[in-house]
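A.B. asks: curious how this folds, go ahead:
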Amino acid sequence: MKQHSLIAGLALAGLSLTFAPVALASSHREAPAISNDPAADNTDLYAWVKSGTHDKLYIIANYIPMEEPAGGPNFHYFSDEVLYEIHIARGADSLADVVTYQIRFKRGDVKTVPVGGSKATPEENAIGSGKEFFVQLAGSMSQTYSIRKITATGSEDIVKDAKVVPPRIGPTTQAILYDKKPYDDAFAATFITDMKGGAEGRVFCGPRDDGFYVDLGGAFDLANLRPKGKAQDGVAGYNTHSIALEIPTTLLTVDGKSPGEVPGNATTLGIWASASRQKVTIRRFNGKTTNYGPWVQVSRLGLPLVNEALIGLQDKDKWNATTPATDVAYFGAYFLNPVIVRDAEAVGIYKALGVDPTEFKFDRLDIVDIINLTNIPAAGAHSIPLTATGDVLRVDMAADSGFPNGRAIPGGAKANQEQADVTNVILSLVLAKLKLEVSDGVDYNDKDFLAQFPFLALPWEGYGEGHGKPTP
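C.D. replies: As a prediction, this is how the structure comes out:
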């Protein structure tokens, strides 16, 4: 069953509204507290089923915003102290997890090399041999991860001590540390790991190009956005860290069988990602930390732009600390009465277009209907009640994915476009009930996406592709 994006599939008026009164960076630095903790900051979430066969579910959860490729000598990594989780609910009645994937990371030990003036042992001299910096860099770049899968019947480790892809520093480092193997797609693919011998699917963890695209400069200058051709992709050239899963859908259906091709509540998942830290942290004089106590959630992400476009500043940190199951109770008013509609009216956007914004201000059950896939991808396909409404990315495994039924990378009009321009879709929905087309002027990524797992492009290289400028 084919399904197209909302922008393509629903009729829009012939007016164009170029306006964005909030930070449009998906979940990049979207709340005060998490902006100080980038290693735990969810940036984007993608989830979709393989078109046609519906036999695989792909989930990509990105963390760490705006990674400068040349940001060494301590390059970006997943944190050993953060619990990264991917949550999957199923059906129409509950947002409780039916499957949870917990991903923990562990950095390698930094090797000790001779210090000038010391009497080095033969072993130390062998380790150093004029390459001390590279030897230490190799140790600090070595990171592994393990995955625990939790279901109603218990938990099990499905990945143990798999390797994380290293940062893409530059050709000299790559040649010395990785036996002259180039940092290309073939090299990165060697880090794809089978989960439980392949029975649970595959996983990939490491740095990638940040595939989100948006005019950040215009958005943050009080919505001074530029038209296509003048708008700038503020995320261009930056990396992020990805956890990519490829999961057989038979592991997620109620009966363990194929989801088929008839969409409905039983084959619909609710997917979201989170990051948590332990409640107590003790910082020691040598830079080490010790952590104690229960895990406390500090970040989460389901649909793109919800915290940014809907939740007020006073509640953004609270949003990151709660779960989708409490969204109606704690944040329902933000969905039904979007603050940014009033902002758009205040700066004269609707007046300039000759549009009365009254119908966009209150009782916006249309937003709830979109989140719950009401009549998507077909009339009557889903009947998710308000009690099971929350910020999750819904994916009906029995239908080809098309935003908001999943968020797919494949399927864009060009290789550098994801299946739907989610910024335009969300803003068109929230600001104008899809009756006006809202655009930020940026409609493609700065790299082509891959046609195969893990789909996001290679990370930018620090040596040749950082944001520095040549000196005259």
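A.B. asks: please enumerate the strands of the protein.
C.D. replies: Shown for the chain, the strands assigned by DSSP state E span residues 16-17, 42-49, 56-67, 82-90, 99-107, 143-151, 154-163, 193-194, 202-209, 239-248, 268-283, 289-301, 393-396, 437-438.
A.B. asks: and the angle for the longest one with strand 99-107?
C.D. replies: Looking back up the chat, that one is strand 268-283. Inter-element angle recorded for strand 268-283 and strand 99-107: 30 degrees (by axes from the mean of the first three to the mean of the last three C-alpha atoms, to 10 degrees).
A.B. asks: before we move on, the earlier item: looking at the strands of the chain, which is nearest to K447?
C.D. replies: Between K447 and the strands of the chain, the tightest spacing by C-beta to C-beta is seen for strand 202-209, at 4.8 Å. Just so you know, the C-beta spots here come from the backbone N, C-alpha and C atoms, and that holds for glycine as well.
A.B. asks: quick one: strands adjacent to that closest one?
C.D. replies: With DSSP bridges as the test, strand 202-209 is paired with strand 193-194 (antiparallel), strand 239-248 (antiparallel).
A.B. asks: flag every buried residue along stretch 76-87.
C.D. replies: Across stretch 76-87, burial judged by 16 or more other C-beta atoms under 10 Å covers 76-79, 82-87.
A.B. asks: for W295, which non-adjacent residue is spatially closest?
C.D. replies: S276 (4.1 Å; C-beta to C-beta, 6 or more residues apart in numbering).
A.B. asks: residues near the one you found, how many?
C.D. replies: 19 (other C-beta atoms under 10 Å).
A.B. asks: can you tell me how far it sits from S401?
C.D. replies: Separation of S276 from S401 (C-beta to C-beta, to the nearest Å): 28 Å.
A.B. asks: could you do E418 as well?
C.D. replies: 11 Å.
A.B. asks: do the same with L434
C.D. replies: Counting by C-beta to C-beta, the gap from L434 to S401 is 19 Å.
A.B. asks: and those two? which has more neighbours close in?
C.D. replies: Between L434 and S401, counting by other C-beta under 10 Å, S401 is the more crowded of the two (30 against 20).
A.B. asks: so who does T100 touch?
C.D. replies: Going by C-beta atoms under 8 Å, 6 or more residues apart in numbering, T100 touches 85-88, 149-151.
A.B. asks: change it to 7 Å
C.D. replies: Under the criterion of C-beta atoms under 7 Å, 6 or more residues apart in numbering, the contact list for T100 reads 85, 87, 150.
A.B. asks: and which of those is nearest to F360?
C.D. replies: H87 (31.4 Å).
A.B. asks: tell me how far the closest one lies from S274.
C.D. replies: As defined by C-beta to C-beta, H87 lies at a distance of 7 Å from S274.
A.B. asks: also T389?
C.D. replies: According to C-beta to C-beta, T389 stands 18 Å off from S274.
A.B. asks: which one of those two is surrounded by more residues?
C.D. replies: Taking neighbours as other C-beta under 10 Å, T389 and S274 compare with S274 leading, 25 against 20.
A.B. asks: ok, the closest residue to the more buried one other than its chain neighbours - contacts?
C.D. replies: Nearest residue to S274, sequence neighbours excluded (C-beta to C-beta, 6+ apart): R300, at 4.3 Å. Shown in contact with R300 (C-beta under 7 Å, 6+ apart): 42, 272-274, 320.
A.B. asks: go again with 8 Å.
C.D. replies: Here R300 is in contact with 42, 272-275, 319-320, 322-324, 391 (C-beta under 8 Å, 6+ apart).
A.B. asks: flag the shaky bits of the chain, pLDDT-wise.
C.D. replies: Counting by pLDDT under 70, the ranges of the chain that qualify are 1-27, 111-140, 219-220, 222-223, 225.
A.B. asks: hmm, try it at 80
C.D. replies: 1-27, 109-141, 218-225, 347, 349, 353 (pLDDT under 80).
A.B. asks: what bridges to the residue nearest to W295?
C.D. replies: Using DSSP bridges, the bridge partners assigned to S276 are L83, Q297.
A.B. asks: does it touch N291 like I think?
C.D. replies: No - judged on C-beta atoms under 8 Å, S276 makes no contact with N291 at a distance of 11.0 Å.
A.B. asks: residues in contact with V442?
C.D. replies: When contacts are counted by C-beta under 8 Å, 6+ apart, V442 touches 213-215, 228, 231-233, 423.
A.B. asks: mind doing that once more with 10 Å?
C.D. replies: 24, 212-216, 218, 225-226, 228, 231-236, 421, 423-424 (C-beta atoms under 10 Å, 6 or more residues apart in numbering).
A.B. asks: likewise for Q297?
C.D. replies: Q297 touches 40, 83, 85, 274-277, 320-323, counting by C-beta under 10 Å, 6+ apart.
A.B. asks: could you redo the last one with a cut-off of 8 Å?
C.D. replies: Contacts of Q297 by C-beta under 8 Å, 6+ apart are 274-276, 320-323.
A.B. asks: closest one of those to V306?
C.D. replies: Closest approach to V306 among the contacts of Q297 (C-beta to C-beta): N320, at 11.3 Å.
A.B. asks: and for the closest one, the neighbour number?
C.D. replies: 25.
A.B. asks: do the same with the one 5 residues further on
C.D. replies: As a burial measure, A325 scores 18 neighbours (other C-beta under 10 Å).
A.B. asks: and it, how far is that from D97?
C.D. replies: Distance, A325 to D97, by C-beta to C-beta: 10 Å.
A.B. asks: do the same with D369
C.D. replies: 24 Å.
A.B. asks: neighbour count for those two, which is higher?
C.D. replies: Under the neighbour definition other C-beta under 10 Å, D369 and D97 were set side by side, and D97 has more, 20 against 15.
A.B. asks: about what we covered before: out of the strands paired with strand 202-209, deepest packed?
C.D. replies: When you average the neighbours per residue for each of these (mean count of other C-beta atoms under 10 Å), strand 239-248 leads with a mean of 24.
A.B. asks: by how many degrees do that strand and strand 42-49 diverge?
C.D. replies: Using the same axes, to 10 degrees: strand 239-248 against strand 42-49 is 30 degrees.
A.B. asks: distance between strand 239-248 and the chain's centre?
C.D. replies: For strand 239-248, the separation from the chain centroid amounts to 9 Å (computed by C-alpha atoms, centre = their mean, to the nearest Å).
A.B. asks: got it, and stretch 233-253?
C.D. replies: 7 Å.
A.B. asks: can you tell me the distance between the two ends of that stretch?
C.D. replies: Stretch 233-253 has an end-to-end distance of 39 Å (criterion: C-alpha to C-alpha, to the nearest Å).
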